[in-house]
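Participant: how would this look folded up:
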Amino acid sequence: STAPPPRAVSTPAASPGPPTASPPTRRTGRVLYLGDSIATETQDELGRRIRQSGHDYRAAPHSGTTLCDYLEGTGASSLVPAAHKAAALVRDWRPDTVVLQFWGNSWLYTPCMEGVAADHPGYLTRYGDDIRSLTRQIQTAAVQAGIPQPRLVWVLQGPDAFNPARIPKINQLYEMHVVRAGGALADAGARVSAPDARYTYTQYLPCDAEETAAGLCRDGRAQLHRDDDPLHFCLAPLTANGRPCPEPSPGVWRYTAAIADAVG
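Facilitator: Purely as a prediction, here's the structure:
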């Protein structure tokens, strides 16, 4: 797996995005965004897009985490505090939609995985179990809060530069779960992949209209990753505590546009 990202989350000013009209005042739903360091860096830009479409929005990502970190009952082995567990947030904030963005982290900094790393034979079984456990806890929390079951949107991931065979298997788990249990998929990974090479890592892609209008193209190409970081999409350097991306970054824009489209 890749080198571990920073674990904590800071909250600086919102990431600058492309010029847009003012969001409508009428709110049509509540969207909760949970996830790891990719969610940490994309949280402000996703919030801008979600609010523009008329929804309320809340984000509680934690860098370095994985699914089991958001499960209640993991105690001290989790990197997520009790108030930010998925079920706790559902009971407290009562969202209509929960977006779940998880790269599939499993290394020293995800202690709740109990040493089941990506090369362990039980990795996919454990990950699938955690998908189902997190779904059940969210559903139970909704019943306890007396609200309709929130729609779960699972984010499909982009290529893994170091372990290309891993992400297709993780995405298949999400796809199979949605077929069996309902919910929706946001194929953010496809937006940061070449159309003819979905699971092949690439640092650059041809510019789209949004990037061209914002002046982010270089020789007709958009840069998705820094030279020193093939995992994240923010073109600003990583910080010790993690942060929402502070500068316009094509990968962040593409990733969040796919999620916002799936939320609808």
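Participant: Longest helix in this structure, please.
Facilitator: In the chain, taking DSSP state H as the definition, the longest helix is helix 123-145.
Participant: Sheet partners, orientation included, of the helix or strand just after that one?
Facilitator: Going down the chain from helix 123-145, the next helix or strand is strand 151-155, by DSSP states H and E. Strand 151-155 has these partner strands in its sheet, going by DSSP bridges: strand 97-101 (parallel), strand 184-186 (parallel).
Participant: List the contacts of strand 151-155.
Facilitator: Where contact means Cβ atoms under 8 Å, 6 or more residues apart in numbering, the residues beyond strand 151-155 that reach it are 35, 96-102, 131, 135, 138, 174, 177-178, 182-186, 188-189, 259, 262-263. All C-beta spots, glycine's among them, are computed from the backbone N, C-alpha and C.
Participant: if you set the cut-off to 7 Å instead, what comes out?
Facilitator: Contacts to strand 151-155, defined as Cβ atoms under 7 Å, 6 or more residues apart in numbering, come from residues 96-101, 135, 138, 174, 177-178, 183-186, 188, 259, 262-263.
Participant: now that strand: how far from the chain's centre is it?
Facilitator: Put simply, strand 151-155 sits 10 Å off its chain's centre (Cα atoms, centre = their mean, to the nearest Å).
Participant: so after it, what's the next helix or strand?
Facilitator: Toward the C-terminus from strand 151-155 - assigned by DSSP H and E - lies helix 166-181.
Participant: Now that following helix: buried residues?
Facilitator: For helix 166-181, the neighbour count (16 or more other Cβ atoms under 10 Å) marks 166, 167, 170, 171, 173, 174, 177, 178 as buried.
Participant: any chance of the residues you listed in JSON lines, plus pLDDT and distance to residue 67?
Facilitator: JSON lines is the format used below for the buried residues of helix 166-181 (pLDDT from 0 to 100; distance: Cβ to Cβ, whole Å):
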{"residue": "166", "pLDDT": "97", "distance to residue 67": "15"}
{"residue": "167", "pLDDT": "98", "distance to residue 67": "15"}
{"residue": "170", "pLDDT": "98", "distance to residue 67": "10"}
{"residue": "171", "pLDDT": "98", "distance to residue 67": "14"}
{"residue": "173", "pLDDT": "98", "distance to residue 67": "10"}
{"residue": "174", "pLDDT": "98", "distance to residue 67": "11"}
{"residue": "177", "pLDDT": "98", "distance to residue 67": "11"}
{"residue": "178", "pLDDT": "98", "distance to residue 67": "15"}
